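J.: sequence first, then the predicted structure, then my questions.
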Amino acid sequence: MAGLRFKQVDVFTRVPFRGNPVAVVLGADALGGEDMQRIAAWTNLSETTFVLPPSSASADYRLRIFTPRAELPFAGHPTIGSAHAVLEAGIVQPREGRLRQECGAGVIELMLGLNHDFGTTLVMVTHDEQLARRCRRIIRLAAGRVQG
C-alpha cells in the first residue's frame with residue numbers, strides 16, 4: 001500500500017473547509033476490498049472513494065465508494081467530488097464535455113458546465129430511467145427532486 005495518491009475534496013463549495021468532504025484515493029488498482037474498507041474507516045469521513053480502471057468500455061474510470069463501515073453502490077457527493085479529483089489529477093479528460101464514471105449502480109454520466117458563482121460545475125446526467133430509479137432509491141431521493 002505504499003505510495004497511494006490521496007486527496008480530500010470539499011464538495012458543493014468554493015471555500016475550503018466549508019463543503020461536504022470526501023476522501024479520494026487515486027490509482028487504487030492494487031487495493032482489495034478489505035484494504036479499501038480499512039482506509040475508509042481510518043479517514044473517518046462519511047465516504048471515501050477509490051479510483052480504478054474501468055471494467056466497462058463505456059466508462060472513463062471506475063469508482064468504489066466506502067463509508068467507514070460498508071461499501072455503497074452509489075452516493076451523490078462522492079461521485080461529484082471524485083470526478084473533480086480525477087480531472088484535477090489529469091487521470092481522465094472529458095469527451096464532449098462529459099465524463100463517464102462506473103460505480104456499483106452502473107455508468108453515471110457527468111456533464112461539465114460553467115457557473116458564474118462557482119466556476120466549473122459537474123452535473124450527473126442519465127437517460128437510463130432504470131439507472132436513475134436505482135440511484136434515487138440508493139440515496140432516497142424523490143423522483144420530483146431530479147430534473148429530467
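T.: Yep, it's here. Numbering: from 1, shown residues only.
J.: hey, where'd the helices end up in the chain?
T.: With DSSP state H applied, the chain shows helices at 33-43, 76-88, 129-139, listed in chain order.
J.: hmm, residue 78 is touching residue 22, no?
T.: Yes: if you go by C-beta atoms under 8 Å, residue 78 and residue 22 touch, sitting 4.7 Å apart. Glycine gets a C-beta too; all of them are placed from N, C-alpha and C.
J.: the closest residue to residue 108 other than its chain neighbours: how many residues sit nearby?
T.: Of all residues not flanking residue 108 in the chain, residue 101 sits nearest, at 4.9 Å (C-beta to C-beta, 6 or more residues apart in numbering). Residue 101: 26 surrounding residues under other C-beta atoms under 10 Å.
J.: is residue 101 bridged to anything, and to what?
T.: residue 61, residue 108 (DSSP bridges).
J.: for it, give its distance to residue 91.
T.: Shown here: residue 101 relative to residue 91, a distance of 11 Å by C-beta to C-beta, to the nearest Å.
J.: what do those two both touch?
T.: Between them, residue 101 and residue 91 share these contacting residues under C-beta atoms under 8 Å, 6 or more residues apart in numbering: residue 61.
J.: for the protein, what helix or strand is lowest in average pLDDT?
T.: Lowest by mean pLDDT, DSSP states H and E among the helices and strands of the chain is strand 119-125, with a mean of 56.
J.: tell me the contacts of the most centrally placed residue in the chain?
T.: Geometric centre of the chain, nearest residue: residue 79, 2.1 Å, by C-alpha atoms, centre = their mean. Neighbour list for residue 79: 63, 65, 101, 103, 108, 110, 124 [criterion: C-beta under 8 Å, 6+ apart].
J.: for burial, what's the neighbour tally of the fifth one?
T.: Other residues within reach of residue 108, judged by other C-beta under 10 Å, total 24.
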